[in-house]
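> This is a predicted model, with the sequence first.
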Amino acid sequence: MTAITGKQYIDRINKLKTNVWVDGKQVTGNISEHPAFKGIMKSQASLYEMQHDNLLKSILTYPSPSTGNPVGLSYLQPKTKADLAKRREMIQQWAKSNNGMMGRSPDYMNTTLMAFASSAQFLEGKENCFPENLRGFYEYARENDISITHTFVDPQVNRGQYYLEATTEPIAARVIDSNDEGIIVKGARLLATQGGITEELLVMSAAGILEEEKGFAFSIPSNTKGLKFLCRESFVGGDSTFNYPLSSRYDEMDTIVVFDNVLVPWERVFYYNNLDVSNNFMMASAFQPFALHQVACRQIIKTEFVLGVVQSIIDTINIGEYLHVQEKASEIIVALETMKALVMKSEAEAKLDESGVMRPDRTTLQISINVFPKVYPRFAEIIQILGASGLMSIPTENSFQSSIRKDLDQYLQSKADTAENRVKIFRLAWDMTMSSFGTRQTLYERLFFGDPVRLSSQLYFTYDKNPYVQRVQEVLNSNTNQLNNL
Ligand SMILES: Cc1cc2nc3c(=O)[nH]c(=O)nc-3n(C[C@H](O)[C@H](O)[C@H](O)COP(=O)(O)OP(=O)(O)OC[C@H]3O[C@@H](n4cnc5c(N)ncnc54)[C@H](O)[C@@H]3O)c2cc1C
(Lines give C-alpha, C1' and ligand atoms only; values in the text may rest on other atoms or scores of the structure.)
Protein backbone atom coordinates (compact mmCIF):
# COMPACT_ATOMS: atom_id res chain seq x y z
CA MET A 1 0.00 0.00 0.00
CA THR A 2 0.98 3.66 -0.32
CA ALA A 3 -0.20 7.07 0.82
CA ILE A 4 -3.90 7.33 -0.08
CA THR A 5 -5.77 9.82 -2.27
CA GLY A 6 -8.63 12.06 -1.20
CA LYS A 7 -11.16 9.81 -2.92
CA GLN A 8 -9.85 6.75 -1.11
CA TYR A 9 -10.28 8.57 2.22
CA ILE A 10 -13.90 9.53 1.43
CA ASP A 11 -14.78 6.05 0.11
CA ARG A 12 -13.30 4.31 3.14
CA ILE A 13 -15.20 6.47 5.63
CA ASN A 14 -18.50 6.18 3.76
CA LYS A 15 -18.12 2.41 3.62
CA LEU A 16 -17.75 2.11 7.40
CA LYS A 17 -21.30 3.29 8.20
CA THR A 18 -20.12 4.33 11.64
CA ASN A 19 -22.79 4.93 14.28
CA VAL A 20 -22.88 8.74 14.42
CA TRP A 21 -25.65 10.87 15.93
CA VAL A 22 -26.32 14.54 15.10
CA ASP A 23 -29.19 16.50 16.61
CA GLY A 24 -30.94 13.35 17.85
CA LYS A 25 -30.75 11.61 14.47
CA GLN A 26 -28.50 8.81 13.35
CA VAL A 27 -26.49 9.64 10.24
CA THR A 28 -27.62 7.34 7.46
CA GLY A 29 -26.29 7.28 3.90
CA ASN A 30 -22.91 8.67 2.99
CA ILE A 31 -21.52 10.70 5.87
CA SER A 32 -19.46 12.71 3.35
CA GLU A 33 -22.75 14.14 2.01
CA HIS A 34 -24.15 15.10 5.43
CA PRO A 35 -24.28 18.93 5.90
CA ALA A 36 -22.30 18.70 9.17
CA PHE A 37 -19.45 16.73 7.63
CA LYS A 38 -19.21 17.41 3.92
CA GLY A 39 -17.03 20.54 4.24
CA ILE A 40 -14.52 19.08 6.67
CA MET A 41 -14.33 15.75 4.85
CA LYS A 42 -13.60 17.55 1.61
CA SER A 43 -10.84 19.53 3.34
CA GLN A 44 -9.42 16.36 4.87
CA ALA A 45 -9.59 14.62 1.48
CA SER A 46 -7.69 17.50 -0.10
CA LEU A 47 -4.83 16.89 2.37
CA TYR A 48 -4.57 13.26 1.29
CA GLU A 49 -4.80 14.33 -2.35
CA MET A 50 -1.81 16.66 -1.91
CA GLN A 51 0.31 13.56 -1.24
CA HIS A 52 -0.01 12.79 -4.97
CA ASP A 53 0.83 16.28 -6.21
CA ASN A 54 4.05 16.09 -8.22
CA LEU A 55 5.46 19.21 -6.58
CA LEU A 56 4.52 18.23 -3.04
CA LYS A 57 4.92 14.49 -2.78
CA SER A 58 8.59 14.68 -1.88
CA ILE A 59 7.66 16.93 1.06
CA LEU A 60 4.61 14.96 2.19
CA THR A 61 5.75 11.35 1.78
CA TYR A 62 8.81 9.16 2.35
CA PRO A 63 9.70 5.62 1.28
CA SER A 64 8.19 3.03 3.61
CA PRO A 65 10.88 1.23 5.60
CA SER A 66 9.13 -2.06 4.84
CA THR A 67 8.06 -1.71 1.16
CA GLY A 68 9.81 1.36 -0.25
CA ASN A 69 6.42 2.71 -1.37
CA PRO A 70 5.64 6.37 -0.56
CA VAL A 71 3.86 6.68 2.81
CA GLY A 72 2.80 9.74 4.82
CA LEU A 73 5.82 11.60 6.19
CA SER A 74 4.14 12.31 9.54
CA TYR A 75 4.69 8.60 10.25
CA LEU A 76 8.47 9.07 9.93
CA GLN A 77 10.45 8.06 13.04
CA PRO A 78 13.18 10.72 12.86
CA LYS A 79 16.74 9.55 13.38
CA THR A 80 18.45 12.89 12.73
CA LYS A 81 17.80 16.59 13.16
CA ALA A 82 17.38 16.81 9.39
CA ASP A 83 14.50 14.30 9.71
CA LEU A 84 12.90 16.56 12.30
CA ALA A 85 13.14 19.48 9.89
CA LYS A 86 11.48 17.31 7.22
CA ARG A 87 8.66 16.56 9.65
CA ARG A 88 8.20 20.31 10.28
CA GLU A 89 8.05 21.05 6.55
CA MET A 90 5.46 18.34 6.02
CA ILE A 91 3.26 19.49 8.92
CA GLN A 92 3.41 23.11 7.81
CA GLN A 93 2.70 22.25 4.18
CA TRP A 94 -0.58 20.62 5.22
CA ALA A 95 -1.35 23.35 7.76
CA LYS A 96 -0.95 26.07 5.12
CA SER A 97 -3.75 24.53 3.08
CA ASN A 98 -6.23 25.24 5.92
CA ASN A 99 -4.25 28.01 7.66
CA GLY A 100 -3.98 25.93 10.82
CA MET A 101 -7.75 25.76 11.31
CA MET A 102 -7.74 21.94 11.30
CA GLY A 103 -6.34 21.02 14.68
CA ARG A 104 -6.78 17.36 13.96
CA SER A 105 -5.45 17.09 10.43
CA PRO A 106 -4.26 13.46 10.11
CA ASP A 107 -0.62 14.33 10.84
CA TYR A 108 -1.55 14.97 14.50
CA MET A 109 -2.60 11.38 15.13
CA ASN A 110 0.00 9.89 12.76
CA THR A 111 2.61 11.69 14.86
CA THR A 112 0.98 10.55 18.10
CA LEU A 113 0.94 6.91 17.03
CA MET A 114 4.52 7.10 15.74
CA ALA A 115 5.60 8.52 19.11
CA PHE A 116 3.81 5.88 21.17
CA ALA A 117 5.09 3.04 18.97
CA SER A 118 8.65 4.42 19.21
CA SER A 119 8.37 4.04 22.98
CA ALA A 120 6.83 0.56 22.98
CA GLN A 121 9.88 -0.85 24.78
CA PHE A 122 8.52 0.84 27.95
CA LEU A 123 5.78 -1.82 27.92
CA GLU A 124 8.20 -4.71 27.45
CA GLY A 125 7.85 -7.48 30.06
CA LYS A 126 5.15 -5.66 32.04
CA GLU A 127 1.92 -7.25 33.19
CA ASN A 128 -1.01 -6.95 30.74
CA CYS A 129 1.11 -5.03 28.24
CA PHE A 130 1.44 -5.86 24.54
CA PRO A 131 4.19 -3.75 22.96
CA GLU A 132 4.15 -5.87 19.78
CA ASN A 133 0.48 -4.88 19.23
CA LEU A 134 1.36 -1.21 19.44
CA ARG A 135 4.25 -1.58 16.98
CA GLY A 136 2.10 -3.71 14.68
CA PHE A 137 -0.73 -1.17 14.69
CA TYR A 138 1.69 1.65 13.89
CA GLU A 139 3.03 -0.25 10.90
CA TYR A 140 -0.49 -1.13 9.73
CA ALA A 141 -1.58 2.52 10.00
CA ARG A 142 1.56 3.77 8.23
CA GLU A 143 1.34 1.28 5.36
CA ASN A 144 -2.40 1.80 4.83
CA ASP A 145 -2.54 5.54 5.61
CA ILE A 146 -5.28 4.98 8.17
CA SER A 147 -7.13 8.04 9.51
CA ILE A 148 -7.35 8.08 13.31
CA THR A 149 -8.96 10.13 16.06
CA HIS A 150 -8.49 9.72 19.80
CA THR A 151 -10.11 10.09 23.16
CA PHE A 152 -8.07 10.38 26.35
CA VAL A 153 -10.33 12.10 28.93
CA ASP A 154 -13.15 10.80 31.18
CA PRO A 155 -16.55 12.53 31.18
CA GLN A 156 -16.76 15.75 33.19
CA VAL A 157 -18.98 14.41 35.96
CA ASN A 158 -17.07 15.25 39.10
CA ARG A 159 -13.52 16.60 39.02
CA GLY A 160 -13.00 16.32 42.79
CA GLN A 161 -9.68 14.61 43.57
CA TYR A 162 -11.17 11.49 45.12
CA TYR A 163 -14.14 10.90 42.83
CA LEU A 164 -15.23 7.30 42.63
CA GLU A 165 -18.42 6.47 40.74
CA ALA A 166 -21.30 5.36 42.90
CA THR A 167 -23.55 4.34 40.00
CA THR A 168 -24.40 0.73 39.13
CA GLU A 169 -23.60 1.29 35.44
CA PRO A 170 -20.18 2.82 34.66
CA ILE A 171 -20.03 6.43 33.47
CA ALA A 172 -16.33 6.70 32.58
CA ALA A 173 -15.27 3.94 30.19
CA ARG A 174 -13.79 0.95 32.00
CA VAL A 175 -12.90 -2.66 31.33
CA ILE A 176 -15.81 -4.70 32.66
CA ASP A 177 -14.76 -8.14 31.46
CA SER A 178 -12.37 -10.09 29.26
CA ASN A 179 -12.67 -13.34 27.31
CA ASP A 180 -10.77 -15.35 24.70
CA GLU A 181 -11.43 -12.71 22.08
CA GLY A 182 -10.46 -9.57 23.98
CA ILE A 183 -11.46 -7.05 26.63
CA ILE A 184 -14.95 -5.62 27.01
CA VAL A 185 -15.32 -1.90 27.59
CA LYS A 186 -18.39 -0.05 28.83
CA GLY A 187 -18.97 3.64 29.59
CA ALA A 188 -18.09 6.89 27.86
CA ARG A 189 -15.23 9.20 27.03
CA LEU A 190 -15.50 12.92 26.56
CA LEU A 191 -14.62 14.35 23.24
CA ALA A 192 -13.12 12.82 20.21
CA THR A 193 -12.75 15.59 17.66
CA GLN A 194 -13.40 14.24 14.15
CA GLY A 195 -15.24 11.28 15.73
CA GLY A 196 -17.05 9.37 12.97
CA ILE A 197 -14.94 10.72 10.12
CA THR A 198 -11.83 8.65 10.77
CA GLU A 199 -11.30 4.95 10.30
CA GLU A 200 -9.91 4.26 13.76
CA LEU A 201 -10.33 5.49 17.31
CA LEU A 202 -7.28 5.41 19.60
CA VAL A 203 -8.39 5.19 23.22
CA MET A 204 -5.92 5.82 26.00
CA SER A 205 -6.20 6.90 29.62
CA ALA A 206 -4.74 10.19 30.76
CA ALA A 207 -2.70 9.95 33.98
CA GLY A 208 -4.28 10.21 37.43
CA ILE A 209 -6.14 6.91 37.42
CA LEU A 210 -7.04 5.36 40.75
CA GLU A 211 -8.79 2.20 39.51
CA GLU A 212 -7.09 -0.44 37.37
CA GLU A 213 -10.15 -0.98 35.18
CA LYS A 214 -9.99 2.63 33.97
CA GLY A 215 -6.43 2.38 32.69
CA PHE A 216 -5.95 1.04 29.15
CA ALA A 217 -4.80 1.77 25.64
CA PHE A 218 -6.18 0.31 22.44
CA SER A 219 -7.37 1.19 18.96
CA ILE A 220 -10.53 -0.01 17.26
CA PRO A 221 -12.23 0.65 13.93
CA SER A 222 -14.82 3.42 14.21
CA ASN A 223 -17.59 1.06 13.14
CA THR A 224 -16.91 -1.47 15.91
CA LYS A 225 -20.14 -2.94 17.30
CA GLY A 226 -21.37 -1.01 20.35
CA LEU A 227 -19.34 2.13 19.57
CA LYS A 228 -21.34 5.35 19.17
CA PHE A 229 -20.31 8.94 18.41
CA LEU A 230 -22.68 11.59 19.80
CA CYS A 231 -22.08 14.94 18.11
CA ARG A 232 -22.55 18.46 19.35
CA GLU A 233 -24.64 20.62 17.03
CA SER A 234 -22.92 21.48 13.80
CA PHE A 235 -21.14 24.84 13.68
CA VAL A 236 -21.26 24.91 9.88
CA GLY A 237 -23.11 28.16 9.18
CA GLY A 238 -23.95 27.07 5.63
CA ASP A 239 -22.41 26.12 2.31
CA SER A 240 -21.53 29.62 1.18
CA THR A 241 -17.80 30.29 1.46
CA PHE A 242 -18.61 34.03 1.19
CA ASN A 243 -20.79 33.87 4.31
CA TYR A 244 -18.90 31.22 6.26
CA PRO A 245 -15.38 31.14 4.85
CA LEU A 246 -14.10 28.89 7.64
CA SER A 247 -16.98 26.91 9.13
CA SER A 248 -18.14 25.77 5.69
CA ARG A 249 -14.75 24.07 5.27
CA TYR A 250 -13.18 23.29 8.63
CA ASP A 251 -15.74 22.43 11.31
CA GLU A 252 -14.06 19.28 12.64
CA MET A 253 -16.99 18.25 14.90
CA ASP A 254 -16.55 17.09 18.49
CA THR A 255 -18.19 13.90 19.72
CA ILE A 256 -18.91 12.18 22.99
CA VAL A 257 -17.84 8.56 22.61
CA VAL A 258 -20.02 5.78 24.03
CA PHE A 259 -18.78 2.22 24.48
CA ASP A 260 -21.72 -0.12 24.86
CA ASN A 261 -20.06 -3.41 25.80
CA VAL A 262 -17.47 -2.95 23.08
CA LEU A 263 -15.23 -5.94 22.45
CA VAL A 264 -11.65 -4.87 21.82
CA PRO A 265 -9.81 -7.78 20.20
CA TRP A 266 -6.60 -8.82 21.96
CA GLU A 267 -4.44 -7.90 18.95
CA ARG A 268 -5.60 -4.29 19.35
CA VAL A 269 -5.00 -4.03 23.11
CA PHE A 270 -1.76 -2.18 23.93
CA TYR A 271 -2.18 -2.44 27.72
CA TYR A 272 -4.91 -2.77 30.33
CA ASN A 273 -5.35 -3.35 34.07
CA ASN A 274 -1.93 -2.02 34.99
CA LEU A 275 -2.12 1.14 37.09
CA ASP A 276 1.57 1.94 36.95
CA VAL A 277 1.77 1.75 33.15
CA SER A 278 -1.55 3.56 32.66
CA ASN A 279 -0.39 6.45 34.82
CA ASN A 280 3.14 6.70 33.42
CA PHE A 281 3.30 5.58 29.79
CA MET A 282 2.11 8.84 28.27
CA MET A 283 4.75 10.95 30.04
CA ALA A 284 7.54 8.39 29.71
CA SER A 285 6.89 7.95 25.99
CA ALA A 286 7.91 10.26 23.16
CA PHE A 287 4.28 11.42 22.86
CA GLN A 288 4.65 14.84 24.44
CA PRO A 289 7.72 16.08 22.52
CA PHE A 290 6.47 14.83 19.15
CA ALA A 291 2.81 15.78 19.51
CA LEU A 292 3.80 19.22 20.81
CA HIS A 293 6.22 19.68 17.91
CA GLN A 294 3.36 18.97 15.47
CA VAL A 295 1.00 21.28 17.41
CA ALA A 296 3.48 24.17 17.54
CA CYS A 297 4.31 23.84 13.82
CA ARG A 298 0.59 24.14 13.00
CA GLN A 299 0.05 27.00 15.46
CA ILE A 300 2.80 28.99 13.72
CA ILE A 301 0.88 28.77 10.44
CA LYS A 302 -2.34 29.76 12.20
CA THR A 303 -0.64 32.76 13.81
CA GLU A 304 0.68 33.88 10.42
CA PHE A 305 -2.89 33.78 9.14
CA VAL A 306 -4.21 35.73 12.13
CA LEU A 307 -1.56 38.38 11.46
CA GLY A 308 -2.65 38.47 7.82
CA VAL A 309 -6.28 39.01 8.83
CA VAL A 310 -5.38 41.72 11.34
CA GLN A 311 -3.22 43.59 8.83
CA SER A 312 -6.01 43.29 6.23
CA ILE A 313 -8.44 44.92 8.68
CA ILE A 314 -5.89 47.66 9.43
CA ASP A 315 -5.36 48.39 5.73
CA THR A 316 -9.03 48.15 4.81
CA ILE A 317 -10.21 50.81 7.25
CA ASN A 318 -6.90 52.69 7.41
CA ILE A 319 -6.12 52.57 11.12
CA GLY A 320 -2.40 51.81 10.84
CA GLU A 321 -1.37 55.31 11.93
CA TYR A 322 -2.53 54.77 15.54
CA LEU A 323 0.07 53.66 18.07
CA HIS A 324 -2.22 51.28 19.94
CA VAL A 325 -3.12 49.57 16.65
CA GLN A 326 0.57 49.08 15.84
CA GLU A 327 1.13 47.77 19.36
CA LYS A 328 -1.67 45.20 19.01
CA ALA A 329 -0.42 43.96 15.64
CA SER A 330 3.04 43.75 17.18
CA GLU A 331 1.69 41.51 19.94
CA ILE A 332 0.83 39.01 17.23
CA ILE A 333 4.24 39.40 15.60
CA VAL A 334 5.93 38.78 18.96
CA ALA A 335 3.84 35.62 19.48
CA LEU A 336 4.62 34.41 15.96
CA GLU A 337 8.36 34.90 16.26
CA THR A 338 8.34 33.39 19.77
CA MET A 339 6.63 30.24 18.52
CA LYS A 340 9.02 29.99 15.55
CA ALA A 341 12.02 30.39 17.85
CA LEU A 342 10.70 27.73 20.23
CA VAL A 343 10.23 25.20 17.42
CA MET A 344 13.72 25.87 16.07
CA LYS A 345 15.20 25.58 19.58
CA SER A 346 13.33 22.32 20.17
CA GLU A 347 14.93 20.93 17.01
CA ALA A 348 18.39 22.35 17.74
CA GLU A 349 18.34 20.77 21.21
CA ALA A 350 16.84 17.46 20.06
CA LYS A 351 18.49 14.28 21.34
CA LEU A 352 18.45 10.63 20.40
CA ASP A 353 16.35 8.69 22.89
CA GLU A 354 16.90 5.13 24.10
CA SER A 355 15.20 3.78 20.93
CA GLY A 356 17.44 5.79 18.60
CA VAL A 357 14.66 8.26 17.76
CA MET A 358 15.53 11.95 17.57
CA ARG A 359 13.20 13.63 20.09
CA PRO A 360 12.71 17.40 19.94
CA ASP A 361 13.44 19.07 23.27
CA ARG A 362 10.47 18.54 25.55
CA THR A 363 11.01 21.49 27.89
CA THR A 364 11.12 23.96 25.01
CA LEU A 365 7.85 22.61 23.66
CA GLN A 366 6.29 22.66 27.12
CA ILE A 367 6.99 26.40 26.98
CA SER A 368 5.24 26.69 23.60
CA ILE A 369 2.12 24.97 24.94
CA ASN A 370 2.16 27.30 27.91
CA VAL A 371 2.47 30.33 25.61
CA PHE A 372 -0.04 29.63 22.83
CA PRO A 373 -3.22 28.94 24.88
CA LYS A 374 -2.69 32.36 26.48
CA VAL A 375 -1.95 34.36 23.33
CA TYR A 376 -4.62 32.84 21.08
CA PRO A 377 -7.61 34.22 23.05
CA ARG A 378 -5.82 37.59 22.95
CA PHE A 379 -5.67 37.35 19.13
CA ALA A 380 -9.47 37.05 19.10
CA GLU A 381 -9.72 40.03 21.43
CA ILE A 382 -7.41 42.10 19.21
CA ILE A 383 -9.52 41.30 16.16
CA GLN A 384 -12.64 42.45 18.02
CA ILE A 385 -10.98 45.65 19.25
CA LEU A 386 -9.63 46.57 15.80
CA GLY A 387 -12.55 45.28 13.74
CA ALA A 388 -15.12 46.95 16.01
CA SER A 389 -18.54 47.47 14.38
CA GLY A 390 -17.14 46.24 11.07
CA LEU A 391 -17.55 42.76 12.52
CA MET A 392 -21.31 43.36 12.60
CA SER A 393 -21.59 45.20 9.26
CA ILE A 394 -21.40 41.95 7.38
CA PRO A 395 -24.35 41.46 5.01
CA THR A 396 -24.61 38.06 3.39
CA GLU A 397 -23.83 36.88 -0.13
CA ASN A 398 -27.56 37.05 -1.01
CA SER A 399 -27.66 40.69 0.07
CA PHE A 400 -25.00 41.50 -2.49
CA GLN A 401 -27.10 39.82 -5.15
CA SER A 402 -30.27 41.72 -4.21
CA SER A 403 -31.69 45.15 -4.91
CA ILE A 404 -29.94 46.61 -1.86
CA ARG A 405 -26.55 46.07 -3.50
CA LYS A 406 -26.36 49.74 -4.50
CA ASP A 407 -26.70 50.79 -0.86
CA LEU A 408 -24.13 48.25 0.25
CA ASP A 409 -21.66 49.34 -2.44
CA GLN A 410 -22.04 52.95 -1.38
CA TYR A 411 -22.10 52.68 2.40
CA LEU A 412 -19.82 49.74 3.07
CA GLN A 413 -16.96 50.74 0.82
CA SER A 414 -13.67 51.29 2.59
CA LYS A 415 -10.66 53.50 2.04
CA ALA A 416 -8.79 50.66 0.37
CA ASP A 417 -11.40 48.43 -1.16
CA THR A 418 -14.89 47.79 -2.51
CA ALA A 419 -17.81 47.03 -0.20
CA GLU A 420 -17.85 43.41 -1.28
CA ASN A 421 -14.15 42.87 -0.56
CA ARG A 422 -14.38 44.69 2.73
CA VAL A 423 -17.29 42.50 3.84
CA LYS A 424 -15.37 39.39 2.78
CA ILE A 425 -12.47 40.33 5.06
CA PHE A 426 -14.72 41.15 7.96
CA ARG A 427 -16.77 37.98 7.53
CA LEU A 428 -13.54 36.01 7.66
CA ALA A 429 -12.48 37.80 10.84
CA TRP A 430 -15.94 37.17 12.34
CA ASP A 431 -15.91 33.48 11.43
CA MET A 432 -12.44 33.14 12.91
CA THR A 433 -13.29 34.71 16.27
CA MET A 434 -17.01 35.33 16.82
CA SER A 435 -19.18 32.74 15.09
CA SER A 436 -19.85 29.46 16.91
CA PHE A 437 -17.00 28.04 14.82
CA GLY A 438 -14.73 30.93 15.81
CA THR A 439 -15.42 30.78 19.55
CA ARG A 440 -14.85 27.03 19.44
CA GLN A 441 -11.45 27.72 17.89
CA THR A 442 -10.60 29.84 20.92
CA LEU A 443 -11.74 27.15 23.37
CA TYR A 444 -9.89 24.54 21.33
CA GLU A 445 -6.57 26.38 21.44
CA ARG A 446 -7.03 27.04 25.17
CA LEU A 447 -7.46 23.33 25.89
CA PHE A 448 -5.74 21.73 22.91
CA PHE A 449 -3.19 19.82 24.94
CA GLY A 450 -5.10 19.65 28.20
CA ASP A 451 -5.96 21.97 31.06
CA PRO A 452 -3.56 24.97 30.88
CA VAL A 453 -3.43 25.19 34.67
CA ARG A 454 -2.17 21.62 34.98
CA LEU A 455 0.20 22.12 32.03
CA SER A 456 1.88 25.02 33.80
CA SER A 457 2.00 23.03 37.03
CA GLN A 458 3.67 20.18 35.09
CA LEU A 459 6.23 22.65 33.71
CA TYR A 460 6.91 23.95 37.21
CA PHE A 461 7.54 20.46 38.58
CA THR A 462 9.57 19.12 35.65
CA TYR A 463 11.72 22.23 35.08
CA ASP A 464 15.13 21.96 36.73
CA LYS A 465 15.32 25.00 38.98
CA ASN A 466 18.19 23.71 41.14
CA PRO A 467 21.09 25.36 39.25
CA TYR A 468 19.50 28.75 39.87
CA VAL A 469 18.82 28.08 43.52
CA GLN A 470 22.46 26.99 43.71
CA ARG A 471 23.60 30.34 42.31
CA VAL A 472 21.60 32.16 44.95
CA GLN A 473 23.25 30.00 47.59
CA GLU A 474 26.66 30.81 46.11
CA VAL A 475 25.95 34.52 46.37
CA LEU A 476 24.79 34.14 49.94
CA ASN A 477 27.81 32.05 50.84
CA SER A 478 30.29 34.30 49.06
CA ASN A 479 28.91 37.31 50.96
CA THR A 480 29.56 35.52 54.23
CA ASN A 481 33.07 34.50 53.14
CA GLN A 482 33.91 38.02 52.01
CA LEU A 483 32.82 39.34 55.36
CA ASN A 484 34.89 36.66 57.09
CA ASN A 485 38.00 37.72 55.12
CA LEU A 486 37.75 41.33 56.13
C1 LIG B 1 -12.93 21.79 21.24
C2 LIG B 1 -12.33 20.68 22.03
C3 LIG B 1 -11.92 19.53 21.38
C4 LIG B 1 -11.37 18.46 22.11
N5 LIG B 1 -11.00 17.33 21.45
C6 LIG B 1 -10.50 16.28 22.15
C7 LIG B 1 -10.14 15.05 21.49
O8 LIG B 1 -10.22 14.94 20.28
N9 LIG B 1 -9.68 14.03 22.23
C10 LIG B 1 -9.54 14.13 23.60
O11 LIG B 1 -9.11 13.17 24.23
N12 LIG B 1 -9.89 15.27 24.25
C13 LIG B 1 -10.36 16.33 23.56
N14 LIG B 1 -10.72 17.48 24.22
C15 LIG B 1 -10.66 17.49 25.68
C16 LIG B 1 -9.51 18.28 26.25
O17 LIG B 1 -8.35 17.48 26.28
C18 LIG B 1 -9.95 18.69 27.66
O19 LIG B 1 -10.90 19.71 27.50
C20 LIG B 1 -8.82 19.15 28.53
O21 LIG B 1 -7.96 18.11 28.83
C22 LIG B 1 -9.38 19.69 29.89
O23 LIG B 1 -10.20 18.74 30.49
P24 LIG B 1 -11.71 19.04 30.82
O25 LIG B 1 -12.35 19.70 29.65
O26 LIG B 1 -12.31 17.79 31.30
O27 LIG B 1 -11.67 20.12 31.96
P28 LIG B 1 -11.76 19.83 33.51
O29 LIG B 1 -10.68 18.91 33.91
O30 LIG B 1 -13.13 19.40 33.85
O31 LIG B 1 -11.49 21.27 34.13
C32 LIG B 1 -12.53 22.23 34.38
C33 LIG B 1 -11.95 23.32 35.28
O34 LIG B 1 -11.61 22.77 36.57
C35 LIG B 1 -10.22 22.93 36.85
N36 LIG B 1 -9.72 21.67 37.39
C37 LIG B 1 -10.26 20.43 37.26
N38 LIG B 1 -9.50 19.51 37.85
C39 LIG B 1 -8.42 20.14 38.34
C40 LIG B 1 -7.25 19.72 39.03
N41 LIG B 1 -7.03 18.46 39.32
N42 LIG B 1 -6.34 20.65 39.36
C43 LIG B 1 -6.53 21.95 39.06
N44 LIG B 1 -7.63 22.41 38.40
C45 LIG B 1 -8.55 21.52 38.03
C46 LIG B 1 -9.57 23.23 35.49
O47 LIG B 1 -8.41 24.05 35.64
C48 LIG B 1 -10.68 23.94 34.72
O49 LIG B 1 -10.65 25.31 35.00
C50 LIG B 1 -11.24 18.56 23.51
C51 LIG B 1 -11.66 19.74 24.16
C52 LIG B 1 -12.19 20.78 23.44
C53 LIG B 1 -12.65 22.00 24.18
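Received, thanks.

> in the chain, which spans are strands?
Listed from the start of the chain, the chain has strands (DSSP state E) covering 20-22, 25-26, 61-63, 70-72, 148-151, 174-178, 182-193, 200-204, 216-221, 227-231, 254-265, 269-272, 351-352, 358-359.

> Check the gap between the residue sitting nearest the centre point of the chain and the ligand for me.
Most central in the chain under C-alpha atoms, centre = their mean is residue 103, positioned 3.8 Å from the mean C-alpha point. For residue 103, the distance to the ligand equals 8 Å [C-beta to the nearest ligand atom, to the nearest Å]. All C-beta atoms are positioned from the backbone trio N, CA, C, and that covers glycine.

> Which strand residues bridge the closest residue to residue 270 other than its chain neighbours?
Leaving aside its sequence neighbours, residue 270 sits nearest to residue 217 (C-beta to C-beta, 6 or more residues apart in numbering; 4.0 Å). Beta-bridge pairing of residue 217 under DSSP bridges involves residue 204, residue 271.

> picking up where we left off before, burial measure for the closest residue to the residue nearest to the centre of the chain other than its chain neighbours, as a count.
Distance criterion C-beta to C-beta, 6+ apart; nearest residue to residue 103, sequence neighbours excluded, is residue 444 at 5.7 Å. By the other C-beta atoms under 10 Å criterion, the neighbourhood of residue 444 contains 17 residues.

> so where's this protein shaky on pLDDT?
479-486 (pLDDT under 70).

> before we move on, back to that, number of residues surrounding the residue nearest to residue 270?
Per other C-beta under 10 Å, the neighbour tally for residue 217 reads 25.

> circling back to that earlier point, quick check, the residue nearest to the centre of the chain in contact with residue 191.
No: using C-beta atoms under 8 Å as the test, residue 103 is too far from residue 191 to be in contact (11.9 Å).

> what comes into contact with stretch 441-454?
For stretch 441-454, the external contacting residues (C-beta atoms under 8 Å, 6 or more residues apart in numbering) are 101, 103, 193, 206, 291-292, 295, 299, 369-370, 372-374, 376-377, 380, 432-433, 455.

> among those, which ones are buried?
Of the members of the contacts of stretch 441-454, the ones counted as buried by neighbours, 16 or more other C-beta atoms under 10 Å, are 101, 103, 193, 291-292, 295, 299, 369-370, 372-373, 376, 380, 432-433, 455.

> from the residues you listed, which two are the most distant?
Among the buried ones among the contacts of stretch 441-454, the pair separated by the greatest distance (C-beta to C-beta) is 291 and 433, at 25.5 Å.

> Could you measure from residue 245 over to the ligand?
Applying C-beta to the nearest ligand atom, one obtains 20 Å for the distance of residue 245 from the ligand.

> One more: residue 356?
For residue 356 relative to the ligand (C-beta to the nearest ligand atom), the value is 29 Å.

> list the contacts for that residue?
With C-beta under 8 Å, 6+ apart as the criterion, the residues that contact residue 356 are residue 79.

> What count of nearby residues applies to whatever residue of the stretch 201-350 of the chain ends up closest to the ligand?
Taking C-beta to the nearest ligand atom as the measure, the stretch 201-350 of the chain has residue 254 as its residue closest to the ligand, at 4.9 Å. Using other C-beta under 10 Å, residue 254 has 20 other residues around it.

> Contacts only, for it.
191-193, 195, 231-232, 440.

> again, but for residue 320
Contacts of residue 320 were listed using C-beta under 8 Å, 6+ apart, and they are 314, 326.

> Same question for residue 50.
With contacts taken as C-beta under 8 Å, 6+ apart, residue 50 has the following neighbours: 56, 60, 93-94, 97.

> same check, this time on residue 346
Neighbouring residues of residue 346 by C-beta under 8 Å, 6+ apart: 289, 292-293, 296, 360-361, 364-365, 368.

> Return the set of buried residues in stretch 60-71.
Going through stretch 60-71 with 16+ other C-beta under 10 Å, the ones that come out buried are 60-62, 64, 70-71.

> quick check, nearest of the residues you listed to residue 352?
Distance from residue 352 was checked for each of the buried residues of stretch 60-71 by C-beta to C-beta. The minimum falls on residue 62, at 18.9 Å.

> Chain neighbours aside, what residue packs nearest to residue 247?
The spatial neighbour of residue 247 that comes closest, neighbours along the chain excluded (C-beta to C-beta, 6+ apart), is residue 437 at 3.6 Å.

> For the stretch 1-150 of the chain, what lies in contact range of the ligand?
Proximity of the stretch 1-150 of the chain to the ligand (C-beta under 6 Å from any ligand atom) is limited to residues residue 150.

> Helices along the stretch 1-150 of the chain, start to end?
Under the criterion DSSP state H, counting those that start in this stretch, helices of the stretch 1-150 of the chain are mapped to 6-16, 38-50, 57-60, 81-98, 106-118, 131-144.

> ok, now the stretch 301-450 of the chain?
So, for the stretch 301-450 of the chain - with DSSP H, counting those that start in this stretch - the helices run 323-348, 362-387, 397-400, 405-411, 419-433, 436-447.
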